[in-house]
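> what shape does this take:
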Amino acid sequence: MGKVTKKKSGATHIGRPRAFDPDQALDSALRVFWSRGYEGASLADLTKAMGINKPSLYAAFGDKSELFRKVVDRYVRSQALVWNEMLNQASARTAVEKILNAAADSLTCAQNPHGCLLVQSALSCTAESDCIKNELAVRRADSDSLLRARLQRAQTEGEVTPDVDVAALSRFYSTVLRGMSVEASAGAARSDLESVIDLAMKAWPITSQDEKTLEAEI
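As a prediction, this is how the structure comes out:
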């Protein structure tokens, strides 16, 4: 009989990188950045949550700043789906109210860290992370532009009267959204944000239809 050669169990697997789902890993990184901010999230926190080691993180996503940008892309895409649906409402007033209420739902959702990733991460950035802070400002400005464009369309269509400064109106509601994020991160409940939304919607300017109704009542 020939000599039996005993194989070394597992020898061929030494050094082999652990398989992981990139999308799931990004979702895990998102939660870390969302809850701790850009600077508060350490590489140890990120690798632990993602279930990978540092070499795998660098190989798949780049350094911490590149990983954060990928996470922000993922976050913004999910938010864009909601915004697109809301902005397509026939009434701009309805669109704004739905955006505020959808934000309140998201900001206070028990399954997610409270607050907005784009706001919370920017607030925690120091001078050393100015590039990240500036990029987040650009992302928020993109949302501002979408809202302003919808209000400009409402004015063109006659829903908002010509004398209304739609840029200022858009800025007002964008500020309300960011204030809601800060309040939610500090522990505000959904009901607390509802009262903010109610007051914010009372600031909506009188529309052409409202004017016609008032004239008919006089």
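
> which secondary structure elements does the strand or helix carrying residue 134 contact?
Assigned by DSSP states H and E, residue 134 belongs to helix 130-156. If you count contacts as 3 or more C-beta pairs under 8 Å, 6 or more residues apart in numbering; DSSP states H and E, helix 130-156 packs onto helix 64-87, helix 92-107, helix 117-123, helix 166-185. Yep, even glycine has a C-beta here, placed from its N, CA and C like the rest.

> that one: which residues count as buried?
Within helix 130-156, the residues that count as buried by 16 or more other C-beta atoms under 10 Å are 132-133, 135-136, 139-140, 143-144, 146-148, 150-152, 154-155.

> excluding chain neighbours, what is closest to residue 60?
Distances taken as C-beta to C-beta, 6 or more residues apart in numbering place residue 22 nearest to residue 60, at 6.1 Å, with adjacent residues excluded.

> so that neighbour touches residue 56, yeah?
No: in this structure, residue 22 is not within contact of residue 56 by C-beta atoms under 8 Å, at 10.4 Å.

> of these two, which one has the most company?
Legend: neighbour count by other C-beta atoms under 10 Å for residue 22 and residue 56, higher for residue 56 (17 against 12).

> quick check: angle from the helix or strand that one falls within to helix 64-87?
Under the criterion of DSSP H and E, residue 56 resides in helix 54-61. Put simply, helix 54-61 runs at 50 degrees to helix 64-87, going by axes from the mean of the first three to the mean of the last three C-alpha atoms, to 10 degrees.

> mind exporting helix 54-61 as PDB, just the C-alpha atoms?
These are the backbone C-alpha positions of helix 54-61, laid out as PDB (Å, rounded to 0.1, in the frame of the first residue of the first chain):
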ATOM      1  CA  LYS A  54      -8.900  47.600   8.700                       C
ATOM      2  CA  PRO A  55      -7.200  46.200   5.600                       C
ATOM      3  CA  SER A  56     -10.600  45.000   4.200                       C
ATOM      4  CA  LEU A  57     -12.100  48.400   4.900                       C
ATOM      5  CA  TYR A  58      -9.300  50.200   3.100                       C
ATOM      6  CA  ALA A  59      -9.500  47.800   0.200                       C
ATOM      7  CA  ALA A  60     -13.200  48.000  -0.300                       C
ATOM      8  CA  PHE A  61     -14.000  51.600   0.700                       C
END
